[in-house]
Each structure stands twice: as C-alpha cells, then as structure tokens.
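**Student:** just to be clear, the model below is a prediction. Sequence and coordinates:
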Amino acid sequence: MLVAVVPIAAAITAQEPAGTVRGSVYDADFDVPLASATVYVVETGQRAATNAQGVYALAGVKPGRYTLIITKDGYVRAVRAEIVVTSGGLTDVSVELTGEFTEMDEFVVQDLLQSAAGSELASLDIRLKEKSIVDTVSAELIKAAGASDAGQAVRVLPGVSVQDGKYAVIRGLPDRYVSSQMNGVRLPSADEDKRAVELDQFPSAVIERIQVTKTFTPDQQGDASGGAVDIRLKSIPDESGFQLKTTQTFNSQTVGESGFLTFEPGDGVFQPLGQDWDGDVGVSFGDAPGQHKFALSGGGKRDLTDDVRIGGFFNLGFERDSSFFDDGRDDSWYVKSPNTPLVPEESLAGESLMTSLFDVTSGSRSEEWAGLASVGLETSNSKLGITYLETKITEDTATLAEDTRGKEYFFPGYDPDDPLDPGNDPNAGSYEGVFKAPYNRLETLEHSERTTKTFQLHGEHKLPGDELEFGDAFRLRPPELSWTISKSSAVLDQPDKRLFGSYWLPGFSVGPFTFPDSHYPLFPSENINLGNLQRVWKKIDEDSRQLSVDLKWPFDNGDEERGYLKTGWFRDAVERQFDQDSFSNILVDSDASYAGDFDDLWSGQFPDESGHEISESTFDIDYSGEQVISAWYGMISYPATPRLELVGGARVESTRIGVTNLPEADALWYPNGSIEGLDPGEADVDFSQDDVLPALAANFRLRDDVTLRASYAQTIARQTFKELTPVIQQEFLGGPIFIGNPSLEMSALDNYDLRCDYTPYEDGLFSASIFHKRIEKPIEYVQEIANFSYTTAVNYPKGELSGIELEARQGLQRFSDKLAGLSVGANATFIDSEVSLPQGEIDDLTATGIVTPDSTRDMTNAPEHLFNLFATYKLPELGTELGLFYTQQGDTLIAGEGTNNLYYIPSVYAKEYGTLNFTASQRLGPYVELQLQIKNLTNPDIETVYRSEVLDDDVTKTSFSRGIDWAISLNINF
C-alpha cells in the first residue's frame, strides 16, 4: 500500500510550488536584532544568513515538515522542529538567542529547547550539556523505531534492556538499582514482587523524550545506582494545533486465528461459600479479537500580556491489542546423581508421579486508556505547571499448559490406546506404569486491571535580589527556586483469578473392575488438602506523596565562567495495601472424575457438575506497608578553568520501611527455621537506615568538539516489602513459596564512570564509556530446603560489574550529496559481572556430590552484551521517511544454580536473540501522513535454557515466540 502511495505522492509534490521560510533573529537579553546568524534546514541543507536587521529568508523550500537550527558565535544555538511549509506559502519562524556561557544550567537548556524537545537534535543537546552521563531518546526516534510504549523505547539506548517487557535494566543492574520517574517525580508501583514502575503502561503518544541518567549526582535519588529513567511527558507547544491518529494493527499469530484462547471474566463478585460457583474455570477457543488504536492531542500558548503567557496541552489515547502463541514450552529438569543427564523434576499427586514438561498455549487481549493534561503559566521570572496523567490497562490472559512429554520420556513411543503398552500397566504399583507421568493439564484464567495516576504541580522562579560581587574573582547572581508537589497512585486489581488442574489416565482394568478413559483432580503438591480449583482475589493499592524543593545560586568566576551552588530537600511517602482472598474446592473432590478423552477438557464441564463446593482459605496474609524516603543535599558546579568543570557534593538520605501483617486464622510464618502459626504483630517489620552518599565529577573539554567526563559516586539499593517479611507467601495456594528475610540489609555501591564524547559536526556523534561498580551485600534470591522447598532473599557478600559502551551516530550527506537524508547509528555494550556466593549456598551445592561450585557466579539480569543498529532515511521533498532498527540482547543469567532435596538444578540463562523493526511514513499534503510499521521481523524464539559445566549442552527450559506485528496509521495535523 505504502509502496503505491510513494510515487503518487512524488508526482503530486513535484507539481506543488515551493514555499518560503522567513523570520527574525534577536538577542534574548537585550532585545536587539542579530546580524550574520545562520539559519540551517537540516533535511535539505539549505542555509540563509540574517541581514543587519536580523531578518532572513529561505526561498525554494518544498512543502513538508522541517527542522531548523539557528546559530551565531557567542550564542547558544536554537532548534525549531516540526516547521510546516505549505505549497506557495510563507512560514514565519522568529527566534531569540541567549548569550553563551561555558555551561548552561539544566533549566535554561530545557527552556531553550522547549519548542523542539521531541527532536533528536534537541535530545543530543541536552545530553551534551548535562552534568551527568546521560543518554536520551526523543519522540522523533521513538516514532522512527516503531516503539509503542516507554518499555520498547528505552531499548534503543546503549546499555539499556527491559525485563519482562516492563522493567528497565541499566548496564546490567535490574529494577532495585534503577530509579524510574516521570517528569522527575518518583512513581509508585503496584507490582507484588518489585518496587519498579512498569514502563509498558506509558504509551509513546504522551512521551516527549526519555532521559536515562547513568551517573549519580546529589540532586538525584540515592537508589539510582544503575541509573535513573525519567519519562518526560509532552509539553505545551508554542504553536496551537491538533493531531488525530488512528491505527489498525495485526499480528501474524493472531490474525485469522480461530483457536485463540479466551474466557469470560465474570463480574468479580464473591459467591456464597459451601456451594458450587458459577463461571468459567478453564480455557475456551474462539476467534482472535481485532486490534486498533487512536490518539487525539492538541494544545498551544497564548500571550495574556507582554509578560504573561498561558498554555495547555492534552492527549487522549485508546488501544486494543491481543497476543497469542501455541508453540510455548515450560520444562523443569534437574540432575539426580553425578555423571548423569538431566531428568524431569518429579512431584507426587496421590498414587501418581507427575512431571512438568509443559507445552504451552496462551492468548491475551487488552485494552488501554491513557489521558494526559497539562496547563502552564509563564512570566519573565516564573513558570508554573500542572500535569495530570492517568493510564488504565485491562488485560485478560488464558493459558493452557499440557504435559504429555513426561510420559514419552519414561516410555518412548508411548501409545495411550495400546493396553499392552508398559505406560498403561495398572498393576505396576504406585508411581509406576499407568501412574507414572500421566498426561496432565493446567489451565489459568487471569483478569487484571492496572491503573496509574499522577498529579504534579511544578514551579520555577527567579527570586528577586541584587548580584553580589566579591572583587573581580566572584559574582553571585540572584537565586533560582524550583519545586514539585505530586500525588500519585498505582493499583493492581486482579479479581477472580482461576487455576484448574487435572491429570488423565487411559482406560484400564483391575480385577473385575474396568475404568474408562478419565480425568482426575490434580492437587497442589505442597498442600494435598487443597482442591484442584482455586479462585483468587488480589488487590494492591499503592499511594505516593512527594515533595521536593531545590534552591540554586548561579555565580560567575573571574573568567566569566558560570557555575552554581545548589541545595535541596526531598520527601517521598509511600503507603501500600495488599489484600488477597483465596478459595478452593477443599477436601470435597478427592473422588471426583470425568470420563473422556484427553482432548476433551474437563474444565468445560466442571461448572455444570455438582459436588464442587467452594470453601475459603484461612492461610492468606494481607499487609499494610509504608516506605518513607527523605533527603537533603548540597552540591556545587565549579568552572575551574574555561575547559574544566568540577561537580561535587553529598546527599544525606534516610530510609524507613514498615510492614504490618494482617494474617488470617491459619496463616503461617517461619521464625528460626521452623513453621509456626502467625499471630498479629509477630512478623511485622520496622527497618530504618541513614546514608551519606558523596559524588564527585569532572567534565573536561579537551577541544570544542571533545568532552571527557569522569565521576565517582556512592549509591544504595533497597529491599521490598515482600523481601523483609518472614511469612509464608504464595501467589496461589500450592504455588511456589516465598519467605521474606527480616535480616536482609540494603546494598551499597561504589560507582566509577568515564565517558568521552566526540561531536565533530552537527550530525555526528562518537562516544565511548567505561564503567565499574562494586556492590556490598547485593540482594539475590536462593532456594532453601526445610521440610519443603522455598525461595528467599539473602545478601551475597559482594559483587562487581564492569563494562564498556560504544556509540556512533552519523549523517551520511557529509560524504556525498547523493546520501542526503540518510543517517546511521550503532551502539554496543559489553558487560562482565560476578557475585560472591555465601558459604551456605556453596555448602548446599557441594552436598549434592554432583557439582563443585565456584565461589562466584554471574549477576542475574546482566546481559553479556547489548547491540543496537539503526538507519533512517528522510526525503523531505517527497515527504517520505524510512527507518530500520535492529536490537540484540546477549545471554543473560535468570537464576543461579541451586538444589532441590540434594538434587542439582543448573543455572538458567535467557539466550541471545535479536529483533528487527521497520517503519515508513509518507506525507500526503501538508496535514496528512500515512505510516507503516512492521515490528519483530525476525520473530525469534524467546528461550531460556539450563546451562552448567556438568551438562554437555544447553537444555531448553522455556520457549515461545511473539509473532510479527503490522500497523498502518493515518495521522492528521490541523
């Protein structure tokens, strides 16, 4: 479709008369015209100089959208993006240039780039002028990469990967080492296991840029060890306008799929206890739902007086999406004895021995609403802004996991229809013959609603006062005050999650009795008194109230170089409420069965049968949690010479974490290595710690186009509510058990960074970075054995992580006019990490007699490497833009090696994989644009594998594929 449109558009464009861009360039401080300033059109290379009255004109500009760069020696350059030139029309673009200092503070830089903040050039400017080591991705690059949300967008940055499609991992450090923010505001999280913000909640339509700060300065959060991810929302535009975008999407694994897994979520209301409950308990099959989205946005500014300007912006978006795969695997293996291969993990269910070699089919459908509103007021000395964002994602996921390969493993060539097959022998005894690895099936139905809200009030003020001069060596300018007040919330509501388990035996005869092919209830192995149906209500509600105040005193030294003193105060108070209510057909279905073939799902008939009365579990534990982080800091940015800037200071940060447990009657906890009943107050948590976090950085301009940055800083990483509480925690009855550790301590990090940026010209960047982190008491998860197996969090003694980052961006027009509009880029990150194992874990591994463990292993979630390659091609005279983006993530440790009842479980690694995205857009006149996106063209298998020196080769643990996504969009600007 797009291929057909391009030549038509080219013919139309060729007939359209060119337009003209004209305007004036003024000095912002003295309001006088600037002669000999240069106005440059990025897309075409056209240039014009201003005359003595500061006026310029660029004639012969073909209709389209352009980016202008306005420069003059001694002034900070200005960038103006999204300049629309119409056929035969005149477009006025006038700008004010501010006098150049050696370093501009971040507020001035952001203000100067406000009108072009979503462009790649503006993002590069911010990166080069920041005091820290910063990487940015602009709305322009997000669009070219085809990223639909913040989680996809950050992957194009060097050293950034995404865990589970939601959580940022920076330089190999996962969520607890990353501070996620929005407009500089720390956001709450409704994740049960993490204190991390889910980036997939924020659609790209509301994002102006994403800024990842990789080095710590005292005015940042103390847990920004790997870095800080700051999602900057779209701001109020200078020019009034509206945009409407509608998109039709397709996925290669859902389009035309008639076997799509689905279910009816129900009304989420408790039903009477002691009765059979209505509602689906297993998967259904139907047609895949349609996929589409739309977004409407608009805004602008207006001058009330010569000194007062107001403005507003809004964005409203909706997306309906779906995903499906039927090629998944989820296998559990271990090694039982030395010099033997992996065998399936085993568990007992009545007389049967069960394996977990599942073939997985999953279908998911979702709807997302997102709304953003901003209002701003500006005067010559103050800026006030109000921002409100709300997102809501409703998702239904149906999962079908079937284990037939366990039977095939023990009985190669197994035939369920052959009564003489050894796998069908009913007289072989318990856990043998027909009772050994019978076919089994697990079905999960999950309806969830995730809602995030944030209300932010920002202010920036130039305070009145006279400049204070101390001879010729020092001049203190009037102070600048900035502040933020925010109230945010994150909610996960998961009503009536349903889990249904069954196993199947072929028909057999014992003496005079004949049993037909039948399904039987599969009870959770850890708690045999539970039924095979569970229905779980869970809600997590987290609120955050945050206040920050920053006061800055700019100063000039004797060489007229600008620096500043800065101090501030911060407080973030988080309250979390966790509620879970579990129900099951406890003790009533031990003799239940359903006659039918394996392919005849029992779950389809189960709701219509009687005798499956539901009872309430009395083992659930609700809790209330509170985390208060307060801090104050002081820092200085001092221009020691015209080319050397020193930045240093310290942050004093206090952490308070409290948990109050609300146990039900039979809830359990695990004090001193033994299970006991939990009474109110017994396992409550009250943790506190104060830290002084110093930071020192030096920024040295070796030449005008070469900047060297070096820094050292200390940071911390915190525990979560769940990790500190020593109660027996299960997501569902009979599921994996997690027990918190009240002795768990915070981690401390020493961070060393060095970066060199080389910017030889406007469209060129070459960068190299080296980083090293020493971690004291890193937090890792381990498997422990009592009279049952459980997971807990412990402090490893120490860890280290080192790496290098390389990056290049290059416009190719510099080498040949035939390559005008073509730009390429690449970045690569190589990471080496290790943690030292606690002696207890070394002893547990040694006791198996299977492996001789090393004293160290890789850190979890740290990829061995990350690669990004991209190319963009712009033909402004045709209104055509093309983009190609390739991303590769190297092997990544997911779970370290462990034990299970003296059996050895090898390490689990996520295997390397790469994805390729293609985008194309075509302008159809000055106001309409057509866009095509094809994402995940490589469609790789996403695999995790068991890996160990005792194995000859990797063995698959999990595998699935996402399919290829297609999207066709129509974008109208007016």
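**Tutor:** Everything's here; your move.
**Student:** need the distance between the two termini of stretch 423-436.
**Tutor:** 7 Å (CA to CA, to the nearest Å).
**Student:** sorry, wrong one. I was asking about stretch 714-723.
**Tutor:** End-to-end distance of stretch 714-723: 23 Å, with CA to CA as the criterion.
**Student:** and it, average pLDDT?
**Tutor:** Averaging pLDDT along stretch 714-723 gives 94.
**Student:** can you check stretch 582-590 too?
**Tutor:** 79.
**Student:** which residues of the stretch 651-800 of the chain fall in strands?
**Tutor:** 668-669, 676-677, 685-703, 706-717, 728-730, 737-739, 747-758, 764-776, 779-785, 789-795, 798-811 (DSSP state E, counting those that start in this stretch).
**Student:** residue 319 is nearest to which of those strands?
**Tutor:** When these are compared by CB to CB, strand 798-811 sits nearest residue 319, at 30.5 Å. C-beta: built from backbone N, CA, C; applies to glycine.
**Student:** for the closest one, list every residue counted as buried.
**Tutor:** 799, 800, 801, 802, 803, 805, 807, 809, 810, 811 (16 or more other CB atoms under 10 Å).
**Student:** and of those, the nearest to residue 899?
**Tutor:** residue 799 (21.4 Å).
**Student:** that closest one contacts residue 778, correct?
**Tutor:** Yes. Using CB atoms under 8 Å, residue 799 is in contact with residue 778, at 4.2 Å.
**Student:** next, show the common contact partners of these two.
**Tutor:** 835, 859 (CB atoms under 8 Å, 6 or more residues apart in numbering).
**Student:** pull the number of nearby residues for the closest residue to residue 819 other than its chain neighbours.
**Tutor:** Spatially, and ignoring its direct neighbours in sequence, residue 819 is nearest to residue 812 (3.8 Å; CB to CB, 6 or more residues apart in numbering). Residue 812 has 16 neighbours, counted by other CB atoms under 10 Å.
**Student:** quick one, phi psi at residue 812?
**Tutor:** Dihedral angles of residue 812 (phi, psi; degrees, to the nearest 10) stand at phi -90, psi -10.
**Student:** model confidence for it, exactly?
**Tutor:** 90.
**Student:** cool, residue 102 as well?
**Tutor:** For residue 102, the predicted pLDDT is 34.
**Student:** just the element for residue 239, please.
**Tutor:** Residue 239 belongs to no helix or strand when assigned by DSSP states H and E.
**Student:** I figured it was touching residue 298, is that so?
**Tutor:** No. Applying CB under 8 Å, one finds residue 239 not in contact with residue 298, separated by 11.1 Å.
**Student:** give me the more crowded residue out of those two.
**Tutor:** Shown here are residue 239 and residue 298; by other CB under 10 Å, residue 298 has more neighbours (17 against 12).
**Student:** who does that one bridge with?
**Tutor:** Taking DSSP bridges, one obtains residue 242, residue 314 as the residues bridged to residue 298.
**Student:** list the contacts of residue 833.
**Tutor:** Residue 833 makes contact with 172, 799, 800, 801, 802, 858, 859, 862 under the criterion CB under 8 Å, 6+ apart.
**Student:** please identify the buried residues of stretch 702-712?
**Tutor:** Buried, per 16+ other CB under 10 Å, within stretch 702-712: 707, 708, 709, 710, 711, 712.
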